[in-house]
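**Student:** predicted model and sequence follow; I will ask about them next.
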Amino acid sequence: MVFRSACALGILSLTSLPVAASSGAVELAPVAREPAPIEQRDLNSLSGFYLAGRQAGISKDLSSAAGFYSAALQKDPDNPQLLDRALLLNVASGNVTRAAELAGPLLEDDPNDQLARLARGVHAFRAGDREKANADFEAIASLNGPVQQLMGTLLRAWVMADEGRPARASSLLDQLDSRASLGGITPLHAGLIADAAGLFEVSKEKLSVAYNQEPQNLRVMEAYARTLARAGDKEQALKVVGAYQSRSRAVSELIAKLKSDIEAGDVAPLVADARAGMAEALYGLSSLGRQSSIRENTFSAAFLQLALFLTPNAEFPALALGGVFESIEQYQAAIDVYSTIANSSPLAREGQMQAAINLTIMKRHDEAIARLAALVEADETDVGAATTLGNVHRSLEHYDKAAEVYGSVIDQLGTVPQHFWTLLYYRGIANERLGNWKEAEKDFRQALELSPEHPLVLNYLGYSYIDRGENLDEAIAMVRRAVEQRPDDGYIVDSLGWAYYRLGEFEKAVRQLERAATLRPGDPVINDHLGDAYWKVGRKLEATFQWAHARDNDPEPKELAKILRKLEVGLDSFEAETAEAPATKAADASGEATTTAQ
């Protein structure tokens, strides 16, 4: 049986409404909506709209910010700063038509504004006006900078391809200065243009260059495999796909479909026309923000929205845009974007799982669980979705349900592959919390066999042994090795300090717990542990300070009761009352409850 692991693009709020396209048709834009803020009558002034737009920008609500700045612009239409900000935010929130309208006045003030030319040129190209589009793209290419040269030339090449001049387009890309080629992006697009035109010898040559430079780039690999198959070399196409698959953990639905299409001899080009090619170029350019003067996620969102304006059903720009919104904590916006991916797409499950992760972050746990459960029910071989479902249950302390989900996946796998060691680790945590120690110990030991010396497993198993008073020499060695690998992980350092505490080595415990508190100053468990250690070495005033700090940092309710009692009567009396050591838990380092399988 073949198993897939969903390859999450991010773990990490706006409303989608129809927006009129330049052709006059009405299509769904991933984020854009009517500027509702204009209806707030108490803001009916330039300064009110401006300040509201600025606050929305600080809050990273791109669509609201676009509405406020657009409203401010109505009060001061010749203000170049307002024009610039309104245009950027309108593109980033999906309202490309409005941005294209703003581009004219902005370019009168600054003819070199690249985003204004880009928005206007893309809008013109979609409307069928190649001449206007090419003029703006040529102006971008003439700007002083390798990114601008690359951007403008790529887009001009696709205009030429749309005019039926693929050879001229390929030649134009060949003329790009090597500094502006930025890896394999120019041979990739030269090959895509040739492939769409049926020039297979040229496409194979160009895409081979791109593939040799970036064999792990999924889009490059897919383009190369498709052109090989379309040129009649099915065997080599399958080898290219197989090589990618062997280097990648994920055996995705997209790869499975690609192989099936190649074997069936039913292979379409990666991009079918110039609009799709231009969208692919913008998708590739969206990742250049950290390599150029483009520093804001807003610009990445703008490029991806332009790609989706050209091809609204493009899955890769949608997934990437969702990731951008996650990075700026606009989780509902990300969910809205993922929801635009058609159910028939090979990437639909990817989007649905990411949407569920965002629902979890928003604490809409029931919705997240329902989505993930539906994914698992539809395909029990999707290890990523099943593992994420188990992790959500575990984060909610539904340990019995989590253990059941993990166990079902493990049973389905039969022999757990090395890269799915986290399944055993996660089930071990769930079993330990349920009190099923023998089962938990077995899971942790098996996880260590698959991932030897992994600090998370060493930490959890070692700490658990110490907490139980078992295998103490091995246990303390495990925790020390975990700290050696992650010396700046406050949770793991806390485990070592608490291990010393449980062994009665209080001075050593203080040294480690003080360091853990420095690394994680606001963690209530670490503060509580440090307070106990201070008390044991006679530093009672400092102990009460640490307990008070733990109390004020939102500890678990059952731990809060213990902390309050220690503040009231001290540790000695508290231990006498409870007749047992303070209850603690091993640190589930770095809070991985909602991550997908690695």
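**Tutor:** Great, that's in hand. Because the structure is a prediction, the values reported are computed rather than measured.
**Student:** how about the CA coordinates for the helix or strand containing Ile476, as CSV?
**Tutor:** If you go by DSSP states H and E, Ile476 is part of helix 472-485. Presented in CSV, the C-alpha positions along helix 472-485 are these (Å, rounded to 0.1, in the frame of the first residue of the first chain):
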residue,chain,number,x,y,z
LEU,A,472,18.2,6.9,36.8
ASP,A,473,21.8,6.8,35.4
GLU,A,474,20.5,6.2,31.8
ALA,A,475,17.8,8.8,32.3
ILE,A,476,20.0,11.7,33.4
ALA,A,477,22.4,10.8,30.6
MET,A,478,19.5,11.1,28.1
VAL,A,479,18.5,14.5,29.3
ARG,A,480,22.1,15.7,29.3
ARG,A,481,22.5,14.6,25.7
ALA,A,482,19.3,16.4,24.8
VAL,A,483,20.6,19.6,26.4
GLU,A,484,23.9,19.2,24.5
GLN,A,485,22.0,19.2,21.2
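**Student:** what about it, average pLDDT?
**Tutor:** Averaging the model's pLDDT scores along helix 472-485 yields 94.
**Student:** centre of the chain to whatever helix or strand comes next after that helix, how far?
**Tutor:** Counting by DSSP H and E, the next helix or strand C-terminal to helix 472-485 is helix 490-502. Mean C-alpha position of helix 490-502 versus that of the full chain (C-alpha atoms, centre = their mean, to the nearest Å) differs by 31 Å.
**Student:** mind checking pLDDT for Arg98?
**Tutor:** At Arg98, pLDDT is 91.
**Student:** and for Gln216?
**Tutor:** 88.
**Student:** how about the contacts made by Leu218?
**Tutor:** 244, 254 (C-beta atoms under 8 Å, 6 or more residues apart in numbering). For the C-beta atoms, the positions are set from N, CA and C on the backbone; glycine is no exception.
**Student:** next one: it from Ala516, what distance?
**Tutor:** 40 Å (C-beta to C-beta, to the nearest Å).
**Student:** ok, and what's touching stretch 427-446?
**Tutor:** For stretch 427-446, contacts defined as C-beta under 8 Å, 6+ apart pick out 390, 394, 397, 399-400, 402-403, 406-407, 410, 416, 424-425, 447, 457, 460-461, 464, 468, 585-586, 588.
**Student:** next step: those residues restricted to helices.
**Tutor:** Residues of these located in helices (DSSP state H): 390, 394, 399-400, 402-403, 406-407, 410, 424-425, 447, 457, 460-461, 464, 468.
**Student:** related to what we said a few turns ago, which other residues reach the helix holding Ile476?
**Tutor:** 453, 455-456, 458-459, 461-466, 489, 492-493, 495-496, 499, 503.
**Student:** isn't Glu263 right up against Val241?
**Tutor:** No - counting by C-beta atoms under 8 Å, Glu263 sits too far from Val241 to count as a contact (10.1 Å).
**Student:** who has more neighbours, those two?
**Tutor:** Between Glu263 and Val241, counting by other C-beta atoms under 10 Å, Val241 is the more crowded of the two (22 against 13).
**Student:** wouldn't that one be in contact with Met221 here?
**Tutor:** Yes - using C-beta under 8 Å, Val241 is in contact with Met221, at 7.2 Å.
**Student:** and the strands in the protein, which stretches?
**Tutor:** In the chain, the strands defined using DSSP state E lie at 18-20, 26-28.
**Student:** mean pLDDT for the ones you listed: which is lowest?
**Tutor:** Ranked by mean pLDDT, the strands of the chain bottom out at strand 18-20, with a mean of 25.
**Student:** looking at this protein, which helix or strand is least sure?
**Tutor:** Lowest by mean pLDDT, DSSP states H and E among the helices and strands of the chain is strand 18-20, with a mean of 25.
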